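**Q** I'll drop the sequence and a predicted model, then ask my questions.
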Amino acid sequence: MPRPKRKTSHRRKGLRSAHDALKAPNLITCPNCQELTVAHRVCPACGYYKGKEVIAEQAEE
């Protein structure tokens with residue numbers, strides 16, 4: 001298996017890994033309950049998605 005002939009410089013290593021940083025999730029407000037939720041997911045607070053109730057609300061004890 002071939003081996004590198006020269007050491008990878010700090011700059012080249014940095015350019016290669018420049019896109020590896022973690023990004024914050026894209027949060028939107030739920031149109032039903034106004035809670036922050038991740039886009040294109042069922043709201044964990046109210047159970048609604050696209051204006052329809054997908055998950056029935058659980059009775060709180």
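**A** Looks like it came in fine.
**Q** for the residue nearest to the spatial centre of the chain, give its distance to residue 37.
**A** With distances taken as Cα atoms, centre = their mean, residue 25 lies nearest the centre of the chain, 3.7 Å away. As judged by Cβ to Cβ, to the nearest Å, residue 25 and residue 37 stand 10 Å apart. Where C-beta positions appear, they are placed from N, C-alpha and C, glycine not excepted.
**Q** next one: residue 11
**A** For residue 11, the distance to residue 37 - Cβ to Cβ - is 40 Å.
**Q** which stretches of this protein form helices?
**A** 10-16 (DSSP state H).
**Q** what segments of it are strands?
**A** 27-29, 36-38, 48-49, 52-53 (DSSP state E).
**Q** lowest average confidence, helix or strand, in the chain?
**A** strand 52-53 (a mean of 84; mean pLDDT, DSSP states H and E).
**Q** now do it: everything it contacts.
**A** Residues outside strand 52-53 that contact it (Cβ atoms under 8 Å, 6 or more residues apart in numbering): 46, 47.
**Q** I'd guessed the residue nearest to the centre of the chain sits against residue 38; true?
**A** Yes - using Cβ atoms under 8 Å as the test, residue 25 is close enough to residue 38 to be in contact (5.4 Å).
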